[in-house]
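# Return atomic coordinates for the entry below.
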Amino acid sequence: MNLKKVGEDPYVGETLQQSLSKWLTPNDSFYVRSHFDFPQISKNEFELVIDGLVDHPISLKLDDLKKLPKKTLSATLECAGNNRSDLSPAVPGNQFSNGAVSNAIWSGVSLKDVLNLVNLKESVLQILFQGADSGETEKDNLHEPYLRSLSKDMAFDPDTLLAYEMNGEDLPVEHGFPLRLVVPGWYGMASVKWLTKISAIDSPFKGYFQGKKYVLKYTDGTQKPLEEIQVKSLITYPEDNSSIDQKQLSIQGIAWSGRNPIESVEVSLDSGQTWNKAELVGPSEKYSWRHWQYLWNVPSGGEYTIMSIAKDTFGNNQPIESVWNELGYAVNGSKPVNITVE
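A predicted model of the protein is given here:
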């Protein structure tokens, strides 16, 4: 894999800075984050069980899923802990820099088409997803599978996907082969990999990876669940602490925001004192990042701090400063890039 290693047992890696400049992230450059070892599942052995509060429990093979209408969409996935290393004071967890975010084209079937096969009972409140990966949780020392739930409304959103292809190829093992959930616009923890079981339930799921992990815990004692990706931008060129010998510089970057397209990006060349509108470039898709650029006529040599902020079409604005939280999630403050112009 063409990644920067962040952790091991299991392997954790982030996308390299140069790969962020591509609209489509190659499979071997797409960030990897898992809690347990990658399970090895063959196509022939694979079965997806759908049970719980349904009239017609079923078990589907991969070929059964492929007989349903195929749906394809592009979506940016971001790990909830992306840019965790930027927080001060430091918090525990994988110390991601910029690269726990990537963009791919996902193909599979709409989850709603599969759920319609089993006829949910009226009492159903949530849909629970179970991955084939399992292990001991960090605090409870209980051996359990990776489990997450979605509200019934979110599960029936036509863009919530059971994906078996990534960028036109079978899912790589590290990205959930043979089947994964893809929840466009939500942080990556929602997109359960190695999916083997879907259960309809009538009460809120409060398991480890939903009630103890992947919640925003603030210094005042309050907390809230982590769901949609927060609006964010990053500068991909120039790189931090680099030296530039140019009179005209094309500053480049990416911006994304959950389930809302990017409306604008602004760039500051003076540590946030003044701001200039950047140009949005490249493909524009609802759930994918947008590339942007700003052409800067460099006035003179010296030290400069470049910053960027984004706004989405729903009116959400990227903050200058990230909000500190004890688990280091949803870090979306403007990330300065310091350069020397010679």
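# List the contacts of stretch 135-143.
Stretch 135-143 is contacted by residues His35, Phe36, Asp37, Ser134, Glu144, Tyr208, Lys212 when judged by Cβ atoms under 8 Å, 6 or more residues apart in numbering. C-beta: built from backbone N, CA, C; applies to glycine.
# Which secondary structure element of the protein has the lowest mean pLDDT?
In the chain, the helix or strand scored least confidently by mean pLDDT, DSSP states H and E is strand 223-225, which has a mean of 89.
# So if we follow the domain assignment, how does this structure break up?
Domain assignment for the chain by automatic domain parsing gives 3-225, 232-341.
# Let's see stretch 1-17 as PDB, backbone CA atoms only.
Provided in PDB are the C-alpha atoms of stretch 1-17 (Å, rounded to 0.1, in the frame of the first residue of the first chain):
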ATOM      1  CA  MET A   1       0.000   0.000   0.000                       C
ATOM      2  CA  ASN A   2       1.200   3.500  -0.900                       C
ATOM      3  CA  LEU A   3       0.500   5.000   2.500                       C
ATOM      4  CA  LYS A   4       2.200   6.600   5.500                       C
ATOM      5  CA  LYS A   5       2.000   4.200   8.400                       C
ATOM      6  CA  VAL A   6       0.400   5.600  11.500                       C
ATOM      7  CA  GLY A   7      -0.200   2.400  13.500                       C
ATOM      8  CA  GLU A   8       0.000  -1.400  13.400                       C
ATOM      9  CA  ASP A   9      -1.800  -4.400  14.900                       C
ATOM     10  CA  PRO A  10      -3.900  -3.700  12.900                       C
ATOM     11  CA  TYR A  11      -2.300  -1.700  10.200                       C
ATOM     12  CA  VAL A  12      -3.300   2.000  10.100                       C
ATOM     13  CA  GLY A  13      -2.100   4.200   7.300                       C
ATOM     14  CA  GLU A  14      -2.900   7.700   5.900                       C
ATOM     15  CA  THR A  15      -2.900   9.000   2.300                       C
ATOM     16  CA  LEU A  16       0.300  10.700   1.200                       C
ATOM     17  CA  GLN A  17       0.200  14.500   0.700                       C
END
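# Can you give the distance of it from its chain's centre?
15 Å (Cα atoms, centre = their mean, to the nearest Å).
# what mean pLDDT does it have?
For stretch 1-17, mean pLDDT is 96.
# what do you get for stretch 73-82?
Stretch 73-82 comes out at a mean pLDDT of 99.
# Make 58 the starting number, not 1.
Sure, I'll start numbering at 58, so the last one becomes stretch 130-139.
# how far out from the middle of the chain is it?
Stretch 130-139 sits 2 Å away from the centroid of its parent chain (Cα atoms, centre = their mean).
# Endpoints of stretch 139-147, how far apart?
For stretch 139-147, the separation between the terminal residues is 14 Å (Cα to Cα, to the nearest Å).
# Can you tell me what sits against it?
By Cβ under 8 Å, 6+ apart, the surrounding residues in contact with stretch 139-147 are 71, 148, 150-158, 379, 381, 385-386, 388-390, 392.
# Counting neighbours, which bits of that stretch end up buried?
By 16 or more other Cβ atoms under 10 Å, the buried positions in stretch 139-147 come out as Asn139, Asn140, Arg141, Ser142, Asp143, Leu144.
# for stretch 373-388, same thing?
By 16+ other Cβ under 10 Å, the buried positions in stretch 373-388 come out as Asn373, Gln375, Ser379, Asn382, Glu383, Leu384, Gly385, Tyr386, Ala387, Val388.
# tell me the two of those that are most distant?
Pairwise distances across the buried residues of stretch 373-388 (Cβ to Cβ) peak at 23.5 Å, for the pair Asn373 and Glu383.
# that older thread, of the contacts of stretch 192-200, buried ones?
His92, Phe93, Ser191, Tyr265.
# List just the nearest of these to Gly315.
Nearest to Gly315 out of the buried ones among the contacts of stretch 192-200 is His92 (Cβ to Cβ; 22.7 Å).
# Contact partners for the closest residue to that closest one other than its chain neighbours?
Excluding its sequence neighbours, the residue lying closest to His92 (Cβ to Cβ, 6 or more residues apart in numbering) is Tyr203, at 6.0 Å. The contact partners of Tyr203, by Cβ under 8 Å, 6+ apart, come to His92, Phe93, Gln187, Gly188, Asp190, Ser191, Val249, Lys250, Phe266.
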